[in-house]
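Visitor: Need coordinates for the below:
(2 chains)
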Amino acid sequence: MKYLLIIISLFAVQALQAQNNYFYLALDVNKPLTNTEWVDGTSARGGRIGYRAFITEGSRLSLGIDANWTSFNTHKPTETFEGKGGAITTDYFNYIYQYGVTVSAQYYFPLGEGERVFPYAGLGVGANNNEYVQYYNIYSNSERKWGFLARPEAGILVKFTKNRGLGAMAAVHYDYSTNKSESYNYDRFSSIGFQIGLIVMNRY
Amino acid sequence: MIIYIIPVVFYFQNQTLMRHLLGSVLIVMALWSCHPEPEQYDLLDQMVVTTNYDTTANFSSYLTYSLPTDTIGFVSNTDPNDSIRTSPQYELPRKVLQTVEDNMEALGYNRVGFNESPDIGVNVYAVKDLNLFQQVIYPNYSYSGYYGYGGYYYYPYVQTYAYNTGSLVVEFVDLKNVAANKKYKVIWNAYMGDLFNAVNQLDQSVDAVNQAFKQSSYLNLSQP
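Guide: So this is what the prediction gives:
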């Protein structure tokens, strides 16, 4: 553990020293892949924000930190639930509010003169928080769970002009997290997502 | 310890990076509060209907019941003068009681007077619960110059918010098998809510009462 912290710290120092870096803000569209009986709809109510610093000459490798947020929801029509000694009838809404933070590394594939277009593949690892909420009339039940998050990702950065830092990004990613919810029958949570956004890049 | 300090030092040395990170933090904070919830209308357009019954009760042994004609009870932790009970032009009590009676008749029970020894006493009442919560408000204050000069400050104040919640309740009291200590037992009840936030209180109450009987098939006297 001690060695891991030292390695992370050295990488962090290198990343913070880096002159070449970029910041991004993106819309994140996600579709859940697990327990789709609970929530199944594609959600565009998400976003990601992050900072990445190139740590090698030639801008082939970067390290960064990313934060993401998404909410999923599904409306369930009126249903009667029978129990011992009674029953309850209601329609209801299932919601998942998801927040995650990852540290990530990206490899940039050489393309053209390497000044404007940067295709990349990367991997992020971190923590994911899922809040599962059921709304019915004025009432609600909820459960909040943390889990480990792994996120392989592939994308592309495109600077609008060679000499300016502003550009666009697009990426696809797969999120796998270990969030468990006994109440709502989740033993893990995974989703696929597509993000599109803006970047501000500093390259010297 | 030094390995944790080094990144922080470099962080503050890099002003461009700091601006970006500061901007990131502000945006994240702004967006973190994005917590969409269902539309109120979609949530409140039908009541939640909960029914409970005494699993030891033999419902086929009850044949008669009594029911008030035009008044439903009202239980509140606030002012008892509520329109549900007192207003003569208010439709809810009669509509709800009529719906209960229609369902009881359909299930095979006979309505009798209070003094004709009914097997079941049907109680219908509304429970109103006034919820209060308080929030301390800190007014915006301006600060200019150095501390103690040029700035002004408003004292915080407490704001009280209130909202009503409540349920419509129908319950069957066993008048046939009164315990030795003269205690009466509730053998079936239905809680329907929320009554006070309903989009259409009258229609939703009638629908909820019908649903309460529908999901309680064991009340049907013609059932084997």
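
Visitor: shaky segments in chain A?
Guide: Along chain A, segments meeting pLDDT under 70 span A:1-18, A:204.

Visitor: residue ranges of the strands in it, please?
Guide: Per DSSP state E, chain A carries strands over the ranges A:21-32, A:46-54, A:61-83, A:86-108, A:117-136, A:139-159, A:166-177, A:189-202.

Visitor: Present these as TSV; the columns should include mean neighbour count and distance to B:T50.
Guide: C-betas here are computed from N, CA, C, even on glycine. Formatted as TSV, the strands of chain A follow (neighbours: other Cβ atoms under 10 Å in any protein chain shown; distance: least, Cβ to Cβ, whole Å):
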stretch	mean neighbour count	distance to B:T50
strand A:21-32	21	30
strand A:46-54	23	35
strand A:61-83	17	10
strand A:86-108	20	5
strand A:117-136	19	11
strand A:139-159	17	10
strand A:166-177	18	34
strand A:189-202	19	30
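
Visitor: For the most centrally placed residue in chain A, give the beta-bridge partners.
Guide: For chain A, A:N68 is the residue whose C-alpha lies nearest the centre (Cα atoms, centre = their mean; 4.5 Å). Listed by DSSP bridges, the beta-bridge partners for A:N68 are A:R48, A:G100.

Visitor: Just confirm it contacts A:Y97, I think it does.
Guide: No. The pair A:N68 / A:Y97 is not scored as a contact, 11.8 Å apart, by Cβ atoms under 8 Å.

Visitor: Identify the contacts common to the two.
Guide: Shared contacts of A:N68 and A:Y97, defined by Cβ atoms under 8 Å, 6 or more residues apart in numbering or on different chains, are absent.

Visitor: circling back to that earlier point, ok, the residue nearest to the centre of chain A - contacts?
Guide: A:N68 touches A:28, A:46-49, A:98-102, counting by Cβ under 8 Å, 6+ apart.

Visitor: Check B:V199 too.
Guide: B:41, B:44-45.

Visitor: Mind checking what secondary structure it has?
Guide: Look at B:V199: counting by DSSP: H, G, I helix; E, B strand; the rest coil, its state is coil.

Visitor: picking that back up, which one among the contacts of A:N68 gets closest to B:V124?
Guide: Nearest to B:V124, judged by Cβ to Cβ, of the contacts of A:N68 is A:Q98 at 44.0 Å.

Visitor: Relative to chain B, how far out is that closest one?
Guide: As for A:Q98, its distance to chain B is 11 Å (criterion: Cβ to the nearest Cβ, to the nearest Å).

Visitor: Which residue is the nearest non-sequential neighbour of that residue?
Guide: Sequence neighbours aside, A:T70 is the residue nearest to A:Q98 in space, at 4.6 Å (criterion: Cβ to Cβ, 6 or more residues apart in numbering or on different chains).

Visitor: Same check on A:F54?
Guide: A:N20 (4.0 Å).

Visitor: Pretty sure the one you found sits against A:F118.
Guide: No. Under the criterion of Cβ under 8 Å, A:N20 makes no contact with A:F118, lying 10.9 Å away.

Visitor: Identify the contacts common to those two.
Guide: The contact lists of A:N20 and A:F118 share A:S59, where a contact means Cβ under 8 Å, 6+ apart.

Visitor: can you narrow the contacts of B:V199 to ones near chain A?
Guide: B:L44 (Cβ under 8 Å from any Cβ of the partner chain).

Visitor: For the contacts of B:V199, please prepare CSV with the additional fields neighbour count, distance to A:S177 and secondary structure.
Guide: Listed next are these as CSV, based on neighbours: other Cβ atoms under 10 Å in any protein chain shown; distance: Cβ to Cβ, whole Å; DSSP: H, G, I helix; E, B strand; the rest coil:
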residue, neighbour count, distance to A:S177, secondary structure
B:Y41, 8, 34, helix
B:L44, 17, 34, helix
B:D45, 15, 35, coil
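
Visitor: closest to chain A among the contacts of B:V199?
Guide: B:L44 (6.2 Å; Cβ to the nearest Cβ).

Visitor: partner residues bridging B:T50?
Guide: Bridge pairing for B:T50 - DSSP bridges - gives A:I88, B:Y191.

Visitor: dump the residue contacts of it.
Guide: Per Cβ under 8 Å, 6+ apart, neighbours of B:T50: A:86-89, B:190-192.

Visitor: Repeat that for B:Q204.
Guide: Per Cβ under 8 Å, 6+ apart, neighbours of B:Q204: B:45-47, B:198.

Visitor: One more pass at 10 Å, please.
Guide: Counting by Cβ atoms under 10 Å, 6 or more residues apart in numbering or on different chains, B:Q204 makes contact with B:44-47, B:168, B:192, B:194-195, B:198.

Visitor: what's the answer for A:F72, then?
Guide: Contacts of A:F72 by Cβ under 10 Å, 6+ apart are A:30-32, A:38-43, A:45-46, A:94-98, A:130, A:132, A:189, A:191.

Visitor: and it, bridged to which residues?
Guide: Residues in beta-bridge contact with A:F72 (DSSP bridges): A:I96.

Visitor: For B:S216, see how far away it is.
Guide: 35 Å (Cβ to Cβ, to the nearest Å).

Visitor: Put the alpha carbons of stretch A:101-114 into PDB.
Guide: Only the C-alpha atoms of stretch A:101-114 are listed here, as PDB (Å, rounded to 0.1, in the frame of the first residue of the first chain):
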ATOM      1  CA  VAL A 101     -14.900   9.900  -9.300                       C
ATOM      2  CA  THR A 102     -12.000   8.200 -11.100                       C
ATOM      3  CA  VAL A 103      -8.300   8.600 -11.600                       C
ATOM      4  CA  SER A 104      -7.500   7.700 -15.200                       C
ATOM      5  CA  ALA A 105      -4.800   7.100 -17.700                       C
ATOM      6  CA  GLN A 106      -5.000   7.600 -21.500                       C
ATOM      7  CA  TYR A 107      -2.800   6.600 -24.400                       C
ATOM      8  CA  TYR A 108      -3.000   8.800 -27.500                       C
ATOM      9  CA  PHE A 109      -2.500   7.100 -30.900                       C
ATOM     10  CA  PRO A 110      -0.400   9.000 -33.400                       C
ATOM     11  CA  LEU A 111      -2.400  10.500 -36.100                       C
ATOM     12  CA  GLY A 112      -1.300  13.000 -38.800                       C
ATOM     13  CA  GLU A 113       0.900  15.800 -37.500                       C
ATOM     14  CA  GLY A 114      -0.400  15.300 -34.000                       C
END
